[in-house]
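In: Can you look at this prediction? I've put the sequence above it.
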Amino acid sequence: MVSRIEDYAMIGDMRTAALVGRDGSVDWLCWPRFDSEACFAALLGKPEHGRWQIAPKSGATMVKRRYRHNTLILETRFETDEGAATLIDFMPPQSSQLIRIVKGEKGRVTFCNELILRFSYGAIVPWVTRIDDVTIRGIAGPDMVVLRSPVRLRGENFKTVGEFTVAAGEEVPFALSHAESHQDLPEPVDVWSQLDVTEKFWTEWAGRNKIQGPWDEAVTRSLIVLKALTYAPTGGMAAAPTTSLPEFIGGPRNWDYRFCWLRDATLTLLSLMNAGYYDEAQVWREWLLRAAAGSPRQIQIMYGLRGERRLTEWEVPWLPGYENSAPVRVGNAAHTQRQLDIFGEVMDALHQARQGGLGANEAGWAMQREFLLHLARIWHEPDEGLWEVRSGREHFTHSKVMAWLAFDRAIRSAERFKLPGPIEQWRETREQIHADVCARGFDADLGSFVRAYGSKELDASLLLLPAIGFLPPRDPRIVATVAAIERRLLVKGLVLRYDSATAKDGLPAGEGVFLACSFWLADAYLMLDRREEALHLFNYLLSLRNDVGLLSEEYEPRSGRLVGNFPQAFSHLALVNTASNLAHYQKPAEQRAEHRVVDKPSMQPATPEVY
């Protein structure tokens, strides 16, 4: 039986990641990259689709787990009637290895090992052979996996099984390594020295975090998640290590998130720079420039971890999906959509990078100017919007606001850093977009901005208008929009993206609350001087993390379950930035909202507010 999403923890090596259940099972693992074909896929099917479980033979009377302090080393303690033992799971940095050590704590505990090795999302049974007394190899096509352990293992019904007993003070290791099948066997490793290396790496990395405050543990854990989701060879950050974990249990809203979204660019840069991780921020910026390079007409909303553009979506018919939530999708068809907001995100991210001292990039500025030429031609056209609807294009208010942001940040960068460009022309376009949004994106009858021009629906993305500086937080239209969202989009205190029952998006109604949206509401409360409400909401959101501090994409308030892909970078980015806002260390909401515009007939820029 597959566990609840919140019962999983993640381990990773910055090349891939695995999900480990409370029962000692690894149910999801992609080698050699996050977005490659899964080696263990029980999460989306059944155990026979691939998993690796090490658990007490007689079952546990109690299970406790934790990450070692400021690391991604997972420790799961099993207590039985006979004794207690701890299962230590980790992946050494950039190693393509998954190491598991069973450590006896008291008494004697007998464990069962069951390895169901499958490739290609559970479809391919590899050819498994014993190499020597401690080495087993599985090969299928281009992939080779090697398991080394002193435990005597045997084949049984296309599984690799074995039993062993561990007494207090004893340790039993397992090391699973991946290589290409035409290569020699990976060299054996000293698992204990690798444990030391892994602990040293993460504790030293976490120790560089500059954000100090009452939520240190939550912020540090989130930053570790973000680092683990970064593909080290290129600097691209996966939105999540999983595909097709449902936004609504049993429904079809199941997407592949093992790619890099340009939409995450600004929040990623701000969170990394504010925490003092300038090297990571620099690498992310360079990935962004490489991925987006080329004709502005061909810019995509997302790319592969190495900058790949072809992310063809297909369905996996032999996997029933998490709790029968079909279909299971690989690839993401949204990569072909038009989403105007990404131009604003890219321009804002690169502006914030300059602001943060990452330095200028002349080639990058030339590319940005070409982006603006293209955006000037298309900003008035409809798009699919940041929620990637599959119901057709509309004039989404958030998309137009982000187009405004693109020109605003170009003007800011050109003026502040003496960069060349047609600033007056950009000012004119910026003013046109601002006037258009205020005239067509605001509904006078509702007294609120709306999801799309001519719509009566609301959208949580409207909470971002003050955060990016489109209007001052205390503008009556912003205050009224926040109030309208509170009335119509809150479910048990948390924010829906939009009402999927009335705002048609091409899919059946029903989903959880998108967790980042609730962090946005907390940020809006802060900007409206509603600090106590912001604190209450933030602490409520922290309580939704699982027992090891991880958040998924969404939360289902009625059932009290985490849903959607897990762990989700966007949720953890939002957590870090809201914590920064609350702690008054650096305020990302105000860093972005450095420039306010008041929509008067002349549309002249207002004097920037000083914080």
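Out: Cool, got the structure.
In: which stretch of helix or strand covers residue 503?
Out: Per DSSP states H and E: residue 503 is located in neither a helix nor a strand.
In: wait, residue 280
Out: Assigned by DSSP H and E, residue 280 belongs to helix 278-292.
In: And the average pLDDT for stretch 273-293 is what?
Out: The average pLDDT for stretch 273-293 rounds to 90.
In: Buried residues, the longest helix that the chain contains. List them.
Out: In the chain, with assignment by DSSP state H, the single longest helix is helix 397-417. Going by neighbour count (16 or more other Cβ atoms under 10 Å), the buried part of helix 397-417 is 397-414. C-beta: built from backbone N, CA, C; applies to glycine.
In: ok, now stretch 99-115?
Out: Those would be 99, 100, 101, 102, 103, 104, 105, 109, 111, 113, 114, 115, for stretch 99-115 by 16+ other Cβ under 10 Å.
In: what's the closest residue to residue 485 other than its chain neighbours sitting at in phi/psi?
Out: Closest residue to residue 485 apart from its sequence neighbours, by Cβ to Cβ, 6 or more residues apart in numbering: residue 458 at 5.6 Å. Per-residue torsions, residue 458: phi -100, psi 170 (degrees, to the nearest 10).
In: contacting residues around residue 173?
Out: By Cβ atoms under 8 Å, 6 or more residues apart in numbering, the residues touching residue 173 are 99, 100, 101, 102, 149, 150, 191, 192.
In: Out of the buried residues of stretch 99-115, list just those in strands.
Out: Mapping these onto strands (DSSP state E) picks out 99, 100, 101, 102, 103, 104, 105, 109, 111, 113, 114, 115.
In: Closest to residue 204 out of these?
Out: When these are ranked by distance to residue 204 (Cβ to Cβ), residue 99 comes first, at 19.4 Å.
In: Give me the distance between the closest one and residue 29.
Out: 13 Å (Cβ to Cβ, to the nearest Å).
In: ok, now residue 323?
Out: According to Cβ to Cβ, residue 323 and residue 29 sit 20 Å apart.
In: Repeat that for residue 377.
Out: Relative to residue 29, residue 377 is positioned 45 Å away (Cβ to Cβ).
In: neighbour count winner among these two?
Out: residue 29 (27 against 11; other Cβ atoms under 10 Å).
In: Identify, from the buried residues of stretch 99-115, the entry nearest to residue 8.
Out: Using Cβ to Cβ, those come closest to residue 8 at residue 100, 15.6 Å.
In: And the nearest residue to that closest one once chain neighbours are set aside, its phi and psi?
Out: Once flanking residues are discounted, residue 100 sits nearest to residue 174: 4.5 Å by Cβ to Cβ, 6+ apart. Residue 174 has phi and psi values of phi -140, psi 140 when expressed as degrees, to the nearest 10.
In: swap in residue 84?
Out: Here is the backbone geometry of residue 84 (degrees, to the nearest 10): phi -150, psi 150.
In: residues contacting it?
Out: 77, 78, 104, 105, 106, 107, 109.
In: Now with 6 Å, please.
Out: Residue 84 sits next to 105, 106 when contact means Cβ atoms under 6 Å, 6 or more residues apart in numbering.
In: Quick check: bridge partners of it?
Out: residue 79, residue 106 (DSSP bridges).
In: So it versus residue 174, what's the distance?
Out: 19 Å.
In: cool, and residue 211?
Out: Per Cβ to Cβ, residue 211 is found 36 Å from residue 174.
In: if you count what's nearby, which of those two comes out ahead?
Out: Neighbour tally, residue 211 and residue 174, criterion other Cβ under 10 Å: the higher count belongs to residue 174, 24 against 19.
In: That one reaches residue 101, doesn't it?
Out: No. Using Cβ atoms under 6 Å, residue 174 is not in contact with residue 101, being 7.5 Å away.
In: Report how many residues lie close to residue 142.
Out: Residue 142: 11 neighbours (other Cβ under 10 Å).
In: Identify the residues contacting it.
Out: 180, 181.
In: Apply 10 Å and report the result again.
Out: Residue 142 makes contact with 32, 37, 119, 180, 181, 182, according to Cβ atoms under 10 Å, 6 or more residues apart in numbering.
In: What of residue 263?
Out: The contact partners of residue 263, by Cβ under 10 Å, 6+ apart, come to 239, 301-302, 339, 341-342, 344-346, 349, 386, 388, 402, 570.
In: on that earlier part again, quick one: common contacting residues for residue 174 and residue 101?
Out: Both residue 174 and residue 101 are contacted by 54, 87, 89, 191, under the criterion Cβ under 10 Å, 6+ apart.
In: Neighbour count, pLDDT and secondary structure for those - can I get that in JSON lines?
Out: Shown next, in JSON lines, are these (neighbours: other Cβ atoms under 10 Å; pLDDT from 0 to 100; DSSP: H, G, I helix; E, B strand; the rest coil):
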{"residue": "54", "neighbour count": "26", "pLDDT": "98", "secondary structure": "strand"}
{"residue": "87", "neighbour count": "23", "pLDDT": "98", "secondary structure": "strand"}
{"residue": "89", "neighbour count": "22", "pLDDT": "98", "secondary structure": "strand"}
{"residue": "191", "neighbour count": "20", "pLDDT": "97", "secondary structure": "helix"}
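In: what's the closest of those residues to residue 125?
Out: residue 54 (21.0 Å).
In: rewinding a little: surely the residue nearest to residue 100 and residue 90 touch.
Out: No. Using Cβ atoms under 10 Å, residue 174 is not in contact with residue 90, being 11.7 Å away.
In: shared neighbours of these two, which are they?
Out: 98, 99, 100, 101, 191.
In: Can you convert the residues you listed into CSV and add a column each for distance to residue 541?
Out: Formatted as CSV, those follow (distance: Cβ to Cβ, whole Å):
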residue, distance to residue 541
98, 31
99, 33
100, 32
101, 34
191, 37
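In: Of those residues, just say which sits nearest to residue 555.
Out: residue 98 (28.8 Å).
In: Kindly state the beta-bridge partners for the closest residue to the closest one other than its chain neighbours.
Out: Spatial nearest neighbour of residue 98, excluding adjacent residues (Cβ to Cβ, 6+ apart): residue 176 at 4.5 Å. Using DSSP bridges, the beta-bridge partners of residue 176 come out as residue 98, residue 147.
In: Model confidence for residue 176, exactly?
Out: For residue 176, the pLDDT comes out at 97.
In: same deal with residue 481?
Out: 98.
In: That one contacts residue 447, correct?
Out: Yes. Counting by Cβ under 10 Å, residue 481 does reach residue 447; the two are 8.4 Å apart.
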